[in-house]
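Chemist: Structure for the following, please:
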Amino acid sequence: MTKALNLQSVKNENRSLILYALSRKGALSRKELASQLGLTPAAVTKICAALIEKGYIRECGEVDADGKTGRKEILLSLCLDDKLCFGINAEKDAVTLSVSTLAGKLLSKKRLPFTSDVDEVIKEGRSFLHNFGSIDKFSGVGVCIIGSLSEDDFGIWKEPDLSVKMENAFRLPVVIRNNVKAFAESELIYGRTKSTGSVLFLKWGPGVGSAIITDGRVFSGNDSSVTEIGHYIVNPAGRRCRCGRFGCLETEVSEDAILNELSSKLPLDEILKNCDNNTVNIIDHKIDMVALALTNTATILDTDNIVLFGTMFNNDFVADKLKKQCTRYNHNLSSDIIRVSELNCDGDYIGASAICAKKFFFESED
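Modeler: Purely as a prediction, here's the structure:
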């Protein structure tokens with residue numbers, strides 16, 4: 001029995017390797033897959049045959065043989081565009097419902113005011129999902145939440161057996177992930193982050209969060225606070241944070257914290273377009289606090305790249321100033337190491353797409 005389980009585990013791992021290779025490098029032949037992954041041609045051929053039968057990959061053309069004679073090699077590509085997922089993304093200011101393909105293409109979305117009432121979210125979700133007819137074309141449901149469902153964590157949704165509740169309501173498999181880690185997954189699957197090395201992922205908007213990507217995987221340790229840059233204490237005299245401590249970075253630099261300090265009811269993006277001197281000084285101070293936390297974390301982790309994500313980085317002034325401050329504190333953090341994610345404008349749904357693609361496509365089991 002143990003030997004059979006081990007063989008199945010190896011088979012599943014090789015299957016995932018092939019799918020990830022096609023995702024990151026585009027269409028490849030069976031011969032190229034075997035060479036790049038260190039697998040036997042026979043193993044690749046057998047796994048690919050099963051993947052084609054299940055509709056996960058397709059033959060999409062022939063390799064340019066440069067005039068060589070002999071049997072032409074057939075290219076293989078992923079079938080992600082015809083597989084859908086339903087997404088629920090919870091932020092401090094809103095909950096976004098979405099339907100997208102596993103390739104990360106948005107088909108529809110609906111923004112709701114944030115609520116801690118999970119039953120209300122499920123009710124709205126079922127109504128939204130009903131517009132798409134049969135659920136047979138959906139691979140599953142991706143739920144991105146603040147914090148986690150752990151009893152000793154400081155997440156916003158505290159619902160026993162949330163995944164079971166949602167599976168019963170939507171009649172689909174459900175995967176739930178911390179929203180920042182889900183965004184990091186999206187950078188790996190849909191973005192241009194390399195699959196090797198160490199990457200620090202920072203999200204700054206309604207809240208502040210971070211994740212670590214190492215060797216092509218989003219780090220998930222037993223102590224989630226290792227990556228919680230938003231809960232570094234930066235002002236001992238500051239106000240109480242949702243985590244129970246005082247003066248966390250999030251309580252000092254979140255969008256709400258900035259608006260409170262500016263005593264303004266205008267949206268922050270409007271304020272940033274027309275800054276007076278006082279506003280510039282306040283924003284500069286907030287950027288400096290984030291830069292210090294980010295630089296210290298990157299130094300400890302010996303980070304190869306830093307990826308910025310979140311509504312604060314929709315403004316070029318904030319992103320450029322943060323890069324300059326990080327470089328000022330550590331000259332090794334040059335501007336080519338720090339960049340804003342190309343997926344930044346898709347933040348209200350792309351995390352859900354990514355965790356569904358990972359769970360129900362790239363790493364699903366036979």
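
Chemist: Could you pull up the residues touching residue 343?
Modeler: Contact analysis of residue 343 by CB atoms under 8 Å, 6 or more residues apart in numbering lists 104, 183, 186-187, 190-191, 309, 350. (C-beta placed from N, C-alpha, C; glycine too.)

Chemist: got the buried residues for the lowest-mean-pLDDT helix or strand in the chain?
Modeler: Least confident helix or strand of the chain, by mean pLDDT, DSSP states H and E, is helix 268-273 with a mean of 78. Neighbour counts over helix 268-273 (16 or more other CB atoms under 10 Å) mark 268, 271-272 as buried.

Chemist: by contact count, what packs against that helix?
Modeler: helix 255-262 (3 or more CB pairs under 8 Å, 6 or more residues apart in numbering; DSSP states H and E).

Chemist: what's the helix it packs on packed up against?
Modeler: helix 268-273, helix 277-301.

Chemist: The same query, at a cut-off of 10 Å, please.
Modeler: Of the remaining helices and strands, those touching helix 255-262 by 3 or more CB pairs under 10 Å, 6 or more residues apart in numbering; DSSP states H and E are helix 249-253, helix 268-273, helix 277-301.

Chemist: Quick one, which of those helices gets closest to residue 91.
Modeler: helix 249-253 (12.7 Å; CB to CB).

Chemist: and the closest one, which residues are buried?
Modeler: In helix 249-253, counting by 16+ other CB under 10 Å, buried: 249-253.

Chemist: C-alpha coordinates for that helix, PDB please?
Modeler: Taking C-alpha atoms only, helix 249-253 is exported to PDB below (Å, rounded to 0.1, in the frame of the first residue of the first chain):
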ATOM      1  CA  LEU A 249       2.600  49.500  10.900                       C
ATOM      2  CA  GLU A 250      -0.900  48.900   9.500                       C
ATOM      3  CA  THR A 251      -2.500  51.200  12.100                       C
ATOM      4  CA  GLU A 252      -0.100  54.000  11.100                       C
ATOM      5  CA  VAL A 253       0.000  53.800   7.300                       C
END
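
Chemist: what ranges of the protein fall below the confidence cut-off?
Modeler: Within the chain, the stretches with pLDDT under 70 are 1-6, 64-71, 149-155, 194-196, 220-227, 366.

Chemist: residues in contact with the most centrally placed residue in it?
Modeler: For the chain, residue 183 is the residue whose C-alpha lies nearest the centre (CA atoms, centre = their mean; 1.7 Å). If you count contacts by CB atoms under 10 Å, 6 or more residues apart in numbering, residue 183 has them with 89, 144, 177, 191, 201, 203, 209, 211, 218, 307, 309-310, 341, 343-344, 346-347, 350-352, 354-355.

Chemist: Same question for residue 339.
Modeler: 191-193, 305-308, 313, 319, 323 are the contacts of residue 339 under CB under 10 Å, 6+ apart.

Chemist: would JSON lines of the residues you listed with neighbour count and secondary structure be doable?
Modeler: Output for the contacts of residue 339, formatted as JSON lines (neighbours: other CB atoms under 10 Å; DSSP: H, G, I helix; E, B strand; the rest coil):
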{"residue": "191", "neighbour count": "20", "secondary structure": "coil"}
{"residue": "192", "neighbour count": "12", "secondary structure": "coil"}
{"residue": "193", "neighbour count": "21", "secondary structure": "coil"}
{"residue": "305", "neighbour count": "18", "secondary structure": "strand"}
{"residue": "306", "neighbour count": "22", "secondary structure": "strand"}
{"residue": "307", "neighbour count": "26", "secondary structure": "strand"}
{"residue": "308", "neighbour count": "22", "secondary structure": "strand"}
{"residue": "313", "neighbour count": "21", "secondary structure": "helix"}
{"residue": "319", "neighbour count": "19", "secondary structure": "helix"}
{"residue": "323", "neighbour count": "22", "secondary structure": "helix"}
